[in-house]
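Colleague: structural data only, the sequence is not supplied:
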């Protein structure tokens with residue numbers, strides 16, 4: 001009997017934690033990429049990316065917008081490719097880049113509060129700054145510009 005109650009209690013606790021996860025993420029501050037250094041400083045000097053040998057549109061100019069939460073430990077969580085221009089297999093490369101990021105709290109975030117943000121990775125970009133900016137603009141995500 002006690003063992004069954006323990007399992008039921010453990011299951012109830014797990015369900016509560018799973019339900020609290022999305023709710024906590026909804027209350028987490030959204031920070032635009034250009035404002036992120038006020039909250040978190042990227043400490044990597046280099047990152048590793050998993051690049052496929054073959055795939056769709058790997059050689060085309062484009063970008064990938066990757067959303068994620070920086071947890072209180074400074075590591076990315078819930079890493080998702082939100083937008084890929086043009087559609088293809090570069091999304092997995094963008095995700096692998098962000099998963100390798102490491103952060104330290106900075107500026108107004110000395111308490112290391114988690115934030116939601118995104119990163120835009122550009123691929124095969126043209127040299128012309130105007131054309132490059134045009135490609136990056138396609139990967140901007142709404143809802144982050146207000147911070």
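Modeller: Structure's in. What do you need? Worth saying up front: this structure is predicted, and the values here are computed from it rather than measured.
Colleague: what's near enough to touch the nearest residue to residue 37 once chain neighbours are set aside?
Modeller: Among residues not flanking residue 37 along the chain, residue 106 sits closest, at 6.5 Å (Cβ to Cβ, 6 or more residues apart in numbering). For every residue, glycine as well, the C-beta is placed using N, CA and C. Going by Cβ atoms under 8 Å, 6 or more residues apart in numbering, residue 106 touches 37, 38, 39, 40, 41.
Colleague: ditto for residue 51
Modeller: 58, 93.
Colleague: in terms of helices and strands, where is it?
Modeller: Of the helices and strands defined by DSSP states H and E, none includes residue 51.
Colleague: next one, pLDDT for it please.
Modeller: Looking at residue 51, its pLDDT reads 88.
Colleague: now swap in residue 46 and tell me
Modeller: 93.
Colleague: any low-confidence regions in the protein?
Modeller: 1-26, 145-147 (pLDDT under 70).
Colleague: now with 90?
Modeller: Flagging of the chain using pLDDT under 90 yields the residue ranges 1-28, 51-53, 55, 57-58, 107-108, 110, 144-147.
Colleague: so which residues of it form helices?
Modeller: 2-26, 91-99, 129-138 (DSSP state H).
Colleague: what's across from the residue nearest the centre of the chain in the sheet?
Modeller: Geometric centre of the chain, nearest residue: residue 68, 2.4 Å, by Cα atoms, centre = their mean. Taking DSSP bridges, one obtains residue 117 as the residues bridged to residue 68.
Colleague: and it, how far from residue 58?
Modeller: For residue 68, the distance to residue 58 equals 23 Å [Cβ to Cβ, to the nearest Å].
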